[in-house]
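[1] My questions are about this predicted structure, shown below with the sequence.
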Amino acid sequence: MLLTLNASCLRPLLAPPRKKPEIDLLDLPILTRETLGLAGVNLTTDLLAGADRTRLARFRERADKAGCACLLLIEPEAQPFGSPEITDLENATARMLRVVEAAQILGCSAASVRVQAKDDDEVLSDVASHLRPVVERAEKLDLNLLVAPMPGLTERPERVTELIKRVGGFRIGTFPDFETASKQKDPSAYLHRLTPYATVVSASTVAFAGEKPKAKGKTKAAKDALPEDEGVLPHDAYDLRAMLEALDSVGYGGPLALDYRGDGEVTIGVIRSRDALQAALDAIAAGA
């Protein structure tokens, strides 16, 4: 499995409110590769606010040059594909069509969507028909559309897989998330159901045992945030190895989008997450 970065966890550095960013978005690929030691980038659309086609193409060029491709474009705002209002559906469709177009310019292999809809059989059928034009456009652009589960229609894994089957085709899948899985009665079973349809998995992390919290956010430079050699800290919130074993058991070998959601210095959190995930992957590979 390839360790990559979900850029949203570096938002305090990339897009701080009412302050100049410490890191230019165009410098993110080389920072991800050389400072964070990760092999790819996953962007959220809010980090691209105001970006035109030229800037998206420049990001792709920088990513290619750094050997750190942009793999996934994530739409974090839930889209009302389950709404009975025509205007809501038109806006949601138009939004996701723009997202998949941007994903193609960035060189991504997928875009993700969160579906706002109530858990209802009739609504499920309607959502499938509303998503189909977006999936068809994604297919023409050689992209996958990934459904990121959220409360409502896509909260239960069996509903997500049913939605995927209703939409049909080979270009719709899932974007499972570790923190979401950890809140289920059986996290491993949850991942077993969703991961076979995934082309990217969100390896979210929250808190590490023994870490010393610092002020949230900001560093003068990402390289200055590197912690001293402290060894691999155990992840306190949930068992990362159990999550990875669930993926491994269904044959998943794709990208893991590392997403640190804890307190303290974000860059240190990313590095601790990388080390913990890599240690767990190494142990699984060694059968230890």
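    Yes, it's here.
[2] Please report the distance of Ala138 from Gly169.
    9 Å (Cβ to Cβ, to the nearest Å). Yep, even glycine has a C-beta here, placed from its N, CA and C like the rest.
[3] Kindly apply the preceding question to Ala117 instead.
    Computed as Cβ to Cβ, the Ala117 to Gly169 distance reads 20 Å.
[4] do Thr45 as well
    Distance from Thr45 to Gly169, by Cβ to Cβ: 23 Å.
[5] Neighbour count for these two, which is higher?
    In this view Thr45 and Gly169 are compared by other Cβ atoms under 10 Å, and Thr45 has more residues nearby, 20 against 13.
[6] show me where this protein has helices.
    11-14, 28-34, 53-66, 86-106, 121-140, 157-167, 178-182, 187-194, 240-249, 266-286 (DSSP state H).
[7] what's the fifth one in contact with?
    Pointing back at helix 121-140 there. If you take Cβ atoms under 8 Å, 6 or more residues apart in numbering as the criterion, helix 121-140 is touched by 81-82, 89, 92-93, 96-97, 100-101, 111, 113, 115, 117, 144-145, 153, 159, 162-163, 166-172.
[8] Out of those residues, which end up buried?
    81-82, 89, 92-93, 96, 100-101, 111, 113, 115, 117, 144-145, 153, 159, 162-163, 166-167, 171-172 (16 or more other Cβ atoms under 10 Å).
[9] now Pro17: how far from Arg11?
    Distance from Pro17 to Arg11, by Cβ to Cβ: 10 Å.
[10] Could you check which of those two has the larger neighbour count?
    Set Pro17 next to Arg11 and count neighbours by other Cβ under 10 Å: Arg11 wins out with 16 against 6.
[11] how close does the more buried one get to Val167?
    Distance from Arg11 to Val167, by Cβ to Cβ: 31 Å.
[12] Alright, that wraps it up for me.
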